[in-house]
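A.B. asks: test case, fold it:
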Amino acid sequence: MKNICLTLLILTLFFGCSFTKPSHEGISRHVIYPGCEAKHDKKTCFMRKIHTHMKRNLDKDVFSNKGFSGKVKMYVNFMVDKQGITKVLDIKAPHEEFKKELNRVFKSVPKMKPQLQKGEAVDTSFTLPVSFVCR
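C.D. replies: This next block holds a predicted model:
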């Protein structure tokens, strides 16, 4: 029987994504995902938007067609650069096809407003755990 990926979870909307660079000292504005400009908590909105983007755009057939069953854990290290462009830095996944699919989805993330530190745009890195169950 063909495996079906049942649940896609981006672990913990806010705490699942760690802000790794630069230091938080002097941050005057965090990265702003389109649609979060008017939101009070832009960091939480950013994570919700990333979660929604992943959930809507990941092709779950890539995972089920691999014959994989059980829990799949992957990690995406990505950056929002000074121009607001998302770039994948590293992906840890059990299969090359999974890495390709995560990379494809991240290439379609819309341009954002970059983080400002002391009034200047800076590159900002994130680590996002991605976990789901295939049955």
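A.B. asks: show me what the longest helix seen in the chain is packed up against.
C.D. replies: When secondary structure is assigned using DSSP state H, the longest helix within the chain turns out to be helix 42-57. With contacts defined as 3 or more Cβ pairs under 8 Å, 6 or more residues apart in numbering; DSSP states H and E, the packing partners of helix 42-57 are strand 5-10, helix 96-107. To be clear about C-beta, it is placed using only N, CA and C from the backbone, and glycine gets the same treatment.
A.B. asks: so where's the chain shaky on pLDDT?
C.D. replies: 1-25, 66, 135 (pLDDT under 70).
A.B. asks: repeat that for 80
C.D. replies: Scanning the chain for pLDDT under 80 picks out 1-27, 60, 63-70, 132-135.
A.B. asks: quick revisit: check the offset of the longest helix of the chain from the chain's centre.
C.D. replies: Put simply, helix 42-57 sits 8 Å off its chain's centre (Cα atoms, centre = their mean, to the nearest Å).
A.B. asks: now stretch 32-45
C.D. replies: The answer for stretch 32-45 is 15 Å, by Cα atoms, centre = their mean.
A.B. asks: pull the residues that contact it.
C.D. replies: With Cβ atoms under 8 Å, 6 or more residues apart in numbering as the test, stretch 32-45 has contacts from 13-14, 29-31, 46, 49-50, 110-113.
A.B. asks: for it, list every residue counted as buried.
C.D. replies: 32-33, 36, 42-43, 45 (16 or more other Cβ atoms under 10 Å).
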